[in-house]
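Q: Everything below, folded, please.
(one chain, ligands or ions: 3)
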Amino acid sequence: MNYHFEPSTNAANLHTDCVVAGIYKHGKLSSAAAQLDTASQGAITTHLEFGDFSGEKGRTSMLYSLPGVTSKRVLLVGMGEKDKLTQESLAQITQAAVNLLKSSKANNAISFLTDEISSEFMQAAVRQSITAVADSLYTFDSFKSKRDETPRTQLEGWTVAHTIAGDFSTAVSQGTAIAEGMCVSRDLANSPGNVCTPTYLAEVAQELANSSNKVDINILEEGDMEALGMGSFLSVSKGSEQDGKMIILQYHGGKAGEAPFVLVGKGITFDTGGISLKPGNAMDEMKFDMTGAASVIGTLTACVAMQLPMNVIAIIAAAENMPGGKASKPGDIVTSMSGKTIEILNTDAEGRLVLCDALTYAERFNPAAVVDIATLTGACITALGHHTSGLLSNNNSLAEEVLTAGKQASDEAWRLPMGEKYQDQLKSNFADMANIGGPPAGTITAACFLSRFTENYPWAHLDIAGTAWKGGAAKGSTGRPVPLLCQLLINRAGA
Ligand code: BES
Ligand code: MN
Ligand code: ZN
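A: Ligands and ions are numbered 1, 2, ... in the order given. The predicted structure follows:
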């Protein structure tokens with residue numbers, strides 16, 4: 001799919017397979033629709049007078065061969081009430097348009113749907129309209145044997161156009177990069193656990209490094225981690241036949257010596273719970289337990305595509321959590337790279353065990369800030385459901401940055417508190433800390449555990465347990481929080 005930007009143009013004079021224009025509630029014409037109406041001597045108004053289509057949000061109506069209009073197709077899209085138009089509803093509206101177009105014979109389209117969003121949100125809206133198009137076109141059929149029977153869309157080009165002046169080509173190219181990053185992340189997360197192993201994640205990361213001279217890679221094998229004293233990480237990976245890997249990707253987009261922004265991803269390629277075995281119901285979804293890692297790889301892919309002028313490091317803690325003769329047992333005590341000891345009371349709280357050593361390792365890069373991304377707790381789904389990621393942080397200004405980026409990208413997070421009282425829940429009679437804090441406030445105590453390894457830099461933690469994937473009939477990765485992370489980095493880089 002190709003994405004472009006076309007400034008200050010007249011909707012009636014475009015050489016394209018389809019012009020996409022908005023109609024507000026009660027048949028009120030957008031500027032682009034008004035241009036089409038004028039050129040066709042009222043054909044749009046006449047169409048609306050039939051009353052079949054009145055601009056209800058997300059409704060669509062395709063018109064053909066309007067007199068005076070160059071494009072043979074005009075797709076009218078219901079925008080709802082003009083003053084209620086938000087970025088999020090714009091994404092839904094865009095998807096309604098693409099859903100209709102992808103089954104048509106149109107090879108390309110020019111869309112005016114972002115034309116009238118208020119100017120302060122326009123950059124973000126344009127970016128998001130691109131990711132919305134990509135989302136509608138996303139398919140994952142690499143594991144279907146009869147791939148060719150599924151009808152393929154002919155839609156190959158999408159151009160964002162405005163009747164007004166203003167250059168949004170950067171927003172289009174950033175949106176394209178974010179869409180690509182989301183696609184990389186979704187493909188990885190959707191891949192089954194027998195394919196997407198820690199070794200596979202390392203191979204994908206290696207390919208990313210090979211594709212750009214700005215990206216270096218270093219992969220720590222279990223022997224290397226042993227030498228570094230990463231006893232907490234290894235207590236998880238040793239239960240599996242699959243070798244654990246700590247994958248470090250460095251993107252050098254900024255000046256040499258400039259403090260990097262570090263992203264740490266939980267990469268549990270399958271979480272059985274270990275000896276504290278999970279119940280069987282929907283256990284297949286624990287293949288998505290590496291979405292933190294996938295989002296970090298996707299975000300770095302986008303950084304390369306955007307040529308973001310900053311240094312970004314991704315650390316991926318990749319392991320499989322299995323029961324077995326070598327697996328950790330409840331009550332086992334391990335020593336983390338930081339020297340702190342951990343009593344493993346529940347082997348299903350494995351994410352924090354692999355992350356804590358990655359977070360300690362991050363110190364050697366003297367990071368400007370560290371954000372970890374993890375499908376860490378079921379409790380986060382109970383607290384925030386599937387719409388909002390959990391955010392916990394030891395630094396108010398970094399937390400604000402993350403929240404703002406989430407709002408701008410419509411990939412929202414909500415901050416939860418941390419504090420001494422919650423820290424107390426992690427007390428162990430036998431080690432420096434336990435790896436669980438009991439049933440109350442499970443998302444907070446998980447973050448409290450991580451906070452003991454992040455004292456030396458500004459740190460934020462995103463719990464994406466509820467937002468990383470959808471279950472049920474639409475089961476699959478969402479690509480979140482790649483939009484939030486990319487927006488955060490775009491803001492940091494001032495790009
Ligand atoms: N990967 C899970 C968290 C999870 C569960 C994410 C369901 C999405 C859906 C994590 O490793 C885990 O098992 N957490 C435990 C922690 C508990 C043992 C303290 C949980 O949430 O039950
Ligand atoms: Mn678990
Ligand atoms: Zn897990």
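Q: show me where pLDDT drops low in the chain?
A: 148-150 (pLDDT under 70).
Q: Show me where the stretch 251-400 of the chain has its strands.
A: In the stretch 251-400 of the chain, the strands defined using DSSP state E, counting those that start in this stretch lie at 261-271, 311-321, 332-335, 341-344, 369-374, 389-393.
Q: so can I have TSV of those strands showing mean neighbour count and distance to ligand 3?
A: In this view, the C-beta of every residue, glycine as well, is placed from N, C-alpha and C. Formatted as TSV, those follow (neighbours: other C-beta atoms under 10 Å; distance: least, C-beta to the ion, whole Å):
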stretch	mean neighbour count	distance to ligand 3
strand 261-271	29	4
strand 311-321	28	6
strand 332-335	17	17
strand 341-344	22	14
strand 369-374	28	8
strand 389-393	25	14
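Q: could these go into a markdown table alongside distance to ligand 1?
A: Converted to a markdown table, the strands of the stretch 251-400 of the chain look like this (distance: least, C-beta to the nearest ligand atom, whole Å):
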| stretch | distance to ligand 1 |
| --- | --- |
| strand 261-271 | 5 |
| strand 311-321 | 7 |
| strand 332-335 | 15 |
| strand 341-344 | 10 |
| strand 369-374 | 8 |
| strand 389-393 | 11 |
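Q: And the helices in the stretch 251-400 of the chain?
A: Counting by DSSP state H, counting those that start in this stretch, the stretch 251-400 of the chain has helices at residues 291-306, 351-362, 378-384, 396-408.
Q: let me redo that: the stretch 1-150 of the chain
A: Using DSSP H, counting those that start in this stretch, helices in the stretch 1-150 of the chain cover 31-39, 43-49, 87-101, 119-137.
Q: Of the helices of the stretch 251-400 of the chain, flag the one that's most buried.
A: helix 291-306 (a mean of 29; mean count of other C-beta atoms under 10 Å).
Q: How far off centre is that helix?
A: Counting by C-alpha atoms, centre = their mean, to the nearest Å, helix 291-306 is centred 9 Å from the centre of its parent chain.
Q: does any part of it sit near ligand 1?
A: No: in terms of C-beta under 6 Å from any ligand atom, no part of helix 291-306 sits within range of ligand 1; the closest distance is 9.1 Å.
Q: For that helix, which helices and strands make contact with it?
A: Using 3 or more C-beta pairs under 8 Å, 6 or more residues apart in numbering; DSSP states H and E, the elements in contact with helix 291-306 are helix 169-190, helix 198-211, strand 245-252, strand 261-271, strand 311-321, strand 369-374, helix 482-493.
Q: repeat that with 6 Å
A: Applying 3 or more C-beta pairs under 6 Å, 6 or more residues apart in numbering; DSSP states H and E, one finds that helix 291-306 contacts helix 169-190, strand 245-252, strand 261-271, strand 311-321, strand 369-374, helix 482-493.
Q: Of all the ones you listed, which one is nearest residue 60?
A: Of all the helices and strands packed on helix 291-306, it is helix 169-190 that lies closest to residue 60, at 21.8 Å by C-beta to C-beta.
Q: what's in contact with the closest one?
A: 3, 5, 123, 126-127, 130-131, 134, 140, 160, 288, 291, 294-295, 298-299, 301-302, 305-306, 476-477, 479, 482-483, 486 (C-beta atoms under 6 Å, 6 or more residues apart in numbering).
Q: for stretch 314-326, same thing?
A: 198, 201, 236-240, 242, 244-249, 263-265, 267-272, 274-275, 277, 293, 296, 300, 350, 354-355, 358, 362.
Q: Tell me how far the closest residue to residue 168 other than its chain neighbours lies from residue 24.
A: Of all residues not flanking residue 168 in the chain, residue 126 sits nearest, at 4.6 Å (C-beta to C-beta, 6 or more residues apart in numbering). To residue 24, residue 126 is 19 Å away according to C-beta to C-beta, to the nearest Å.
Q: Pick out whichever of those two has more residues nearby.
A: Legend: neighbour count by other C-beta atoms under 10 Å for residue 126 and residue 24, higher for residue 126 (25 against 22).
Q: That one: what's it in contact with?
A: Residue 126 neighbours (C-beta under 6 Å, 6+ apart): 114, 160, 168, 171.
Q: So which bits of the protein are right by ligand 1?
A: 271, 289, 346, 348-351, 375-379, 436, 442, 465.
Q: go again using 5 Å as the cut-off
A: 271, 289, 346, 348, 349, 351, 375, 377, 378, 436, 465 (C-beta under 5 Å from any ligand atom).
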